[in-house]
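Participant: Predicted model and sequence follow; I will ask about them next.
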Amino acid sequence: RLDTDTHATLVETYVGEGWSSRLTRIDLGPSARLMRAVRLAQASGFQSLREEAALGEGASYVATFLGAGSADTRIDAAVGMEGKGGYAEIGGALLARGRQRHEAAIVVRHATELGTSRQVWRAVAQDEAAASLAARVEVAPHAQKTDGAQSLRGLLLHRSAAINLKPELEIYADDVQCAHGATVGELDEKALFYMASRGIPPAAARALLTHAFVADALERIGSEAVRDAFLADADAWLEETA
């Protein structure tokens, strides 16, 4: 729990092997701010995370996840915007290869007015791997002036891979600004051709484009050192798959 007007940054890294499950409960008082960066880097097994967060008036919660290990993962998160004028941002990048499976199911519930939420997720899959993202925004009848947005994007490095995206809006108020978008595709052939015409090797061109795709979700990490570390892990994953 963070009390009124307190600020904190939390960095979590999961490594090792085997099966594990964890529940995290977060309670933010009025005007409290919490920034979390969670790195899932287990070498094998299964990692399950359950996140429950409640935001007081004017509180801010930003959580970014990176799945760049070899274990299967499952992220379940429920964020409650319980105080007026709260801000929540939850997202990240899930990178899957081999026969790996990544899953995330996120719900942001706006219970009061003037709340803002963002969900930005990127998924990359190759070989026979699969990633599934389900993101939902719920707006209660009295949660007027809500601003909620979702951006879910998937990148298939092989056509044998699979990415499933499911954005949802459940709105019961009439004065809101909510939007969602979901796309799944492959690397831009025109961009690859252009880079090849400039002398960039195909493997390097694919790595550059994929890096930009993943960085879009990780650049929201507030700490430069932490952000660079997460991007370095993503780049290492890309180098191994090149």
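Facilitator: It's in.

Participant: is it true that residue 14 touches residue 41?
Facilitator: Yes. Applying C-beta atoms under 8 Å, one finds residue 14 in contact with residue 41, separated by 6.3 Å. All C-beta spots, glycine's among them, are computed from the backbone N, C-alpha and C.

Participant: Need the overlap of contacts for these two.
Facilitator: Taking C-beta atoms under 8 Å, 6 or more residues apart in numbering as the contact criterion, the residues that touch both residue 14 and residue 41 are residue 69.

Participant: Stretch 177-195 - what's its average pLDDT?
Facilitator: Over the span of stretch 177-195, the pLDDT mean works out to 84.

Participant: Stretch 203-212 too?
Facilitator: Stretch 203-212 shows a mean pLDDT of 83 in the predicted model.

Participant: what does that stretch rub up against?
Facilitator: Outside stretch 203-212, the residues that reach it (C-beta under 8 Å, 6+ apart) are 124, 155, 157, 187-188, 191-192, 195-196, 200, 231, 234-235, 238-239, 242.

Participant: Try it again at 7 Å.
Facilitator: With contact meaning C-beta atoms under 7 Å, 6 or more residues apart in numbering, stretch 203-212 is reached by 124, 155, 187, 188, 191, 192, 195, 196, 235, 238, 242.

Participant: Then stretch 37-48?
Facilitator: Under the criterion C-beta under 7 Å, 6+ apart, external residues in contact with stretch 37-48 comprise 11-21, 63-74, 221, 226, 230, 233.

Participant: Thanks a lot, see you next time.
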